[in-house]
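Undergrad: Build the 3D model from these lines:
(one chain, ligands or ions: 3)
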Amino acid sequence: MKCKKEDMQLYAVTDRTWVGEKSFEEQVEESLEGGVTFLQLREKHLAEEEFFKEAVKIRQLAAKYKVPFVINDNVEIARKVQADGVHLGQKDMGLLEAREILGPDKLIGVSCRTVEDARKAEALGADYLGVGAVFGTSTKKDAKPVAREELQAICRAVSIPVVAIGGVKESNLMELKGSGVSGVAVVSGIYGQKNIKEACRRLRELSEEMTARSMKKVLSIAGSDSSGGAGIQADIKTITAHGLYAMTAITALTAQNTTGVYGVQNVPPEFVAKQLDCIFQDICPDAVKIGMVSDSQIIHAIAEKLREYEAENIVADPVMSATSGGTLMQKEAEKAIKAELFPLADVVTPNLLEAEILTGMNIHTGKDMEKAAQIIGEGMEGAVLLKGGHLKETADDLLYFEGKFIWYPGEKVENPNTHGTGCTLSSAIACNLAKGYDVPESVRRAKAYITGALRAQLNLGNGSGPLNHMYALRKENVENIFEKYMKET
Ligand SMILES: Nc1ncnc2c1ncn2[C@@H]1O[C@H](COP(=O)(O)OP(=O)(O)O)[C@@H](O)[C@H]1O
Ligand SMILES: Cc1ncc(COP(=O)(O)O)c(N)n1
Ligand SMILES: [Mg+2]
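TA: Ligands and ions are numbered 1, 2, ... in the order given. All right, here's what the predicted structure looks like:
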């Protein structure tokens with residue numbers, strides 16, 4: 001399909017009614033900055049020559065933001081400025097004629113209001129449909145709203161993307177949930193607003209929520225911790241607390257609690273690979289965190305699959321032992337993790353003890369940490385985060401990123417319950433990478449999250465207990481949210 005459903009998320013239709021202090025181009029650029037995903041230039045009264053000049057400028061802007069750009073009605077201008085396509089209303093030039101002029105590769109969008117028209121347009125080769133008006137609109141006063149049932153039926157009848165148009169604004173956008181549309185087309189809700197960029201940001205967020213495409217997915221490849229504080233369980237809680245969707249590939253079962261590790265059962269490497277096939281062939285993750293991987297065959301299987309599926313945003317935590325002291329990685333696996341997983345990672349997150357083993361040096365001072373991070377980073381394109389949780393006075397972490405050192409100073413929280421801190425930190429970094437933050441910002445945000453989870457002072461079990469992953473959702477907040485939900489449903 002030439003036109004992706006995601007492109008329809010926030011489809012802006014220009015209107016020069018509100019040109020004043022800001023020029024038309026400034027307004028369009030602001031909307032692109034705010035997150036518009038598709039741009040239609042709509043001019044009703046410009047002379048041909050001016051329309052052409054303007055279209056050239058707007059086309060460049062759209063290209064700068066890598067957003068598809070179409071012209072309303074005017075196929076000739078679309079051809080001359082080499083726009084990505086054209087949008088045809090019911091009374092505009094016919095689809096076949098436009099296709100003849102523009103060729104097979106350009107996008108042609110068609111306005112329609114009924115299932116019959118929608119089917120016809122798809123059969124004639126339309127790339128997407130604009131259906132409306134879905135609400136009463138100030139732009140087209142005579143446009144009678146299309147009933148929700150009809151909109152739903154249209155979305156079911158065609159396989160090309162459908163964008164809802166007509167009177168869409170922040171206050172009514174969510175009413176389109178469940179209708180099957182791929183996004184919304186907005187005119188005055190964008191260009192009639194004082195702060196266009198902010199309006200677009202909010203509309204985009206709402207539209208993503210409406211189409212339920214907004215949830216990023218994070219995969220944890222790690223071991224299960226029966227006590228729920230580290231490993232897979234810590235990762236699922238962390239990912240969920242970040243508002244994201246958690247998936248898992250389990251590498252080992254551990255029988256452990258806050259006092260120790262009492263047994264480990266590794267999962268056969270082929271079965272780790274099988275879990276990864278199932279994940280990547282269906283719900284492809286936006287980021288991957290790797291935790292406990294106890295032998296080199298499992299490591300090899302993981303590396304192979306991550307390469308095969310070209311996984312992105314990989315955080316590798318070289319877990320060697322539990323806070324309580326139990327061994328979680330066999331000695332022979334140390335080399336494999338360095339050789340096979342580190343080169344694939346965007347960030348690796350050793351603690352001080354792991355860094356000593358990986359480098360063979362003793363680490364006591366900040367300078368030692370810098371030297372160790374540099375050594376670990378050799379032969380890797382990604383960054384090294386050397387965690388300072390085991391320092392005596394502070395909890396300063398060090399990031400070695402693109403040849404530079406970035407320190408994240410951290411106060412040492414008085415809390416003996418640190419089971420799962422490393423797991424939690426690495427999955428929080430993966431969450432932030434999935435959300436689109438760069439590595440230094442992802443680390444900053446993850447560090448803030450872990451500090452809050454330690455400050456919450458949860459105290460469970462007889463040994464070094466787990467963190468409160470849910471601390472940001474205080475009890476009263478959760479209850480309020482739930483109460484509100486119960487009233488609404
Ligand atoms: N007592 C503490 N106070 C504040 N931050 C801590 C404390 N213990 C650990 N951290 C932080 O938790 C994260 C995990 O670090 P660390 O405990 O060293 O890893 P690991 O769990 O792998 O041993 C780091 O950001 C570290 O600074
Ligand atoms: C299954 C499993 N994976 C990892 C850890 C390390 O935990 P930490 O986050 O304290 O380093 C653990 N204890 N158990
Ligand atoms: Mg650790």
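Undergrad: V70 contacts I58, correct?
TA: No: contact criterion C-beta atoms under 8 Å: V70 and I58 do not qualify, at 10.6 Å. Quick note: C-beta positions are derived from backbone N, CA and C, even for glycine.
Undergrad: hey, what's in contact with both of the two?
TA: L39, L41 (C-beta atoms under 8 Å, 6 or more residues apart in numbering).
Undergrad: Return, as residue ranges, the portions of the chain with sub-threshold pLDDT.
TA: 1, 92-93, 137-143, 213-214, 475-479, 481, 484-485, 488-489 (pLDDT under 70).
Undergrad: Contact residues of it facing ligand 1?
TA: 351, 387-390, 395, 397, 410, 412-413, 415, 418, 421-422, 425, 447, 450-451, 454 (C-beta under 6 Å from any ligand atom).
Undergrad: Can you say which of the residues you listed are buried?
TA: The neighbour-count test (16 or more other C-beta atoms under 10 Å) marks 351, 387-389, 395, 397, 410, 413, 415, 418, 421-422, 425, 447, 450-451, 454 as buried among the residues of the chain next to ligand 1.
Undergrad: How about the contacts made by Q297?
TA: So Q297 contacts P269 (C-beta under 8 Å, 6+ apart).
Undergrad: measure it to F271 for me?
TA: Going from Q297 to F271 by C-beta to C-beta, to the nearest Å gives 11 Å.
Undergrad: again with N313
TA: 24 Å.
Undergrad: of those two, who's got more company?
TA: N313 (25 against 15; other C-beta atoms under 10 Å).
Undergrad: For S227, see how far away T17 is.
TA: As it turns out, when the distance is counted by C-beta to C-beta, T17 lies 62 Å from S227.
Undergrad: neighbour-wise, which of the two wins?
TA: More crowded of T17 and S227, by other C-beta under 10 Å: S227, with 23 against 12.
Undergrad: Just give the nearest non-adjacent residue to the more buried one, would you?
TA: N257 (4.2 Å; C-beta to C-beta, 6 or more residues apart in numbering).
Undergrad: Tell me how many other residues surround the one you found.
TA: Count around N257 with other C-beta under 10 Å applied: 21.
Undergrad: residues contacting it?
TA: S226, S227, G461, G463 are the contacts of N257 under C-beta under 8 Å, 6+ apart.
Undergrad: looking at this, the last one is in a strand?
TA: What it means is G463. No: per DSSP: H, G, I helix; E, B strand; the rest coil, G463 lies outside any strand segment and is coil.
Undergrad: Who are the contact partners of it?
TA: Counting by C-beta under 8 Å, 6+ apart, G463 makes contact with N257, T258, T259, G260, S324, H419.
Undergrad: ok, and the most crowded of these?
TA: In the contacts of G463, the most neighbours by other C-beta under 10 Å go to H419, 28 neighbours.
Undergrad: Report the beta-bridge partners for it.
TA: Going by DSSP bridges, H419 is paired in beta bridges with P466.
Undergrad: doesn't N462 make contact with it?
TA: No: using C-beta under 8 Å as the test, H419 is too far from N462 to be in contact (11.5 Å).
Undergrad: which neighbours do the two share?
TA: Shared contacts of H419 and N462 (C-beta under 8 Å, 6+ apart): T258.
Undergrad: tell me which element whichever residue of the chain sits closest to ligand 3 is part of?
TA: Nearest residue of the chain to ligand 3 (C-beta to the ion) works out as G422 at 2.6 Å. Following DSSP states H and E, one finds G422 within helix 421-434.
Undergrad: Are that helix and ligand 2 in contact anywhere?
TA: Yes: applying C-beta under 6 Å from any ligand atom, one finds that helix 421-434 is in contact with ligand 2 at T421, G422, C423.
Undergrad: which one of the residues you listed sits closest to I283?
TA: Using C-beta to C-beta, C423 is the member of the residues of helix 421-434 next to ligand 2 that sits closest to I283, with 21.7 Å.
Undergrad: since we're on the closest residue to that closest one other than its chain neighbours, how many residues are nearby?
TA: Take C423 and drop its neighbours on the chain: the residue closest to it by C-beta to C-beta, 6+ apart is A234, 4.2 Å away. Residue neighbour count, defined by other C-beta under 10 Å, stands at 29 for A234.
Undergrad: Now name the helix or strand holding A234.
TA: If you go by DSSP H and E, A234 is part of helix 231-241.
Undergrad: for ligand 2, what are the nearby residues on the protein?
TA: So the chain meets ligand 2 at 222-223, 225, 230-231, 254, 291-292, 319, 322-323, 328, 419-423 (C-beta under 6 Å from any ligand atom).
Undergrad: Strands of the stretch 151-300 of the chain, start to end?
TA: 162-165, 183-186, 217-225, 245-257, 260-266, 287-290 (DSSP state E, counting those that start in this stretch).
Undergrad: Contacts for the last one next, please.
TA: The set of residues external to strand 287-290 that reach it, using C-beta under 8 Å, 6+ apart, is 216, 218-222, 235, 302, 306, 311-317, 341, 345, 426-427, 429-431, 433-434.
Undergrad: Taking those residues, please make a PyMOL selection of just the buried ones.
TA: Here is the PyMOL command that picks out the buried ones among these, judged by 16+ other C-beta under 10 Å:
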select buried, resi 216+218+219+220+221+222+235+302+306+311+313+314+315+316+317+341+345+426+427+429+430+431+433+434
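Undergrad: roughly how far apart are G180 and E33?
TA: Counting by C-beta to C-beta, the gap from G180 to E33 is 29 Å.
Undergrad: And these two? Which one has more around it.
TA: Each of G180 and E33 has its neighbours counted (other C-beta under 10 Å); G180 has more, 17 against 13.
Undergrad: Now do the same contact list for the residue nearest to that one when sequence neighbours are not counted.
TA: Nearest non-adjacent residue to G180, counting by C-beta to C-beta, 6+ apart: C155, 2.9 Å away. C155 sits next to V162, S179, G180, V181 when contact means C-beta under 8 Å, 6+ apart.
Undergrad: Scan those and report the most crowded one.
TA: V181 (28 neighbours).
Undergrad: What are the phi and psi values at that residue?
TA: phi -70, psi 150 (degrees, to the nearest 10).
Undergrad: There's contact between I58 and T14 in this structure, I believe.
TA: Yes: assessed by C-beta under 8 Å, I58 is found in contact with T14 at 7.5 Å.
Undergrad: Show me whatever sits in contact with both of these two.
TA: With C-beta under 8 Å, 6+ apart, I58 and T14 have common neighbours V28, L39, L41.
Undergrad: host element of the first one?
TA: Secondary-structure assignment from DSSP H and E places V28 in helix 24-33.
Undergrad: residues making contact with that helix?
TA: Under C-beta under 8 Å, 6+ apart, the answer for helix 24-33 is 12, 14, 16, 18-19, 22, 39, 54, 57-58, 61-62, 64-65, 67, 190-191, 196-197, 200.
Undergrad: Buried members of those into ChimeraX, please.
TA: Remark: buried members of those, expressed as a ChimeraX selection using 16+ other C-beta under 10 Å:
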select :12,14,16,18,39,54,58,61,62,65,67,190,191,196,197,200
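Undergrad: Restricted to strands, list the contacts of helix 24-33.
TA: A12, L39 (DSSP state E).
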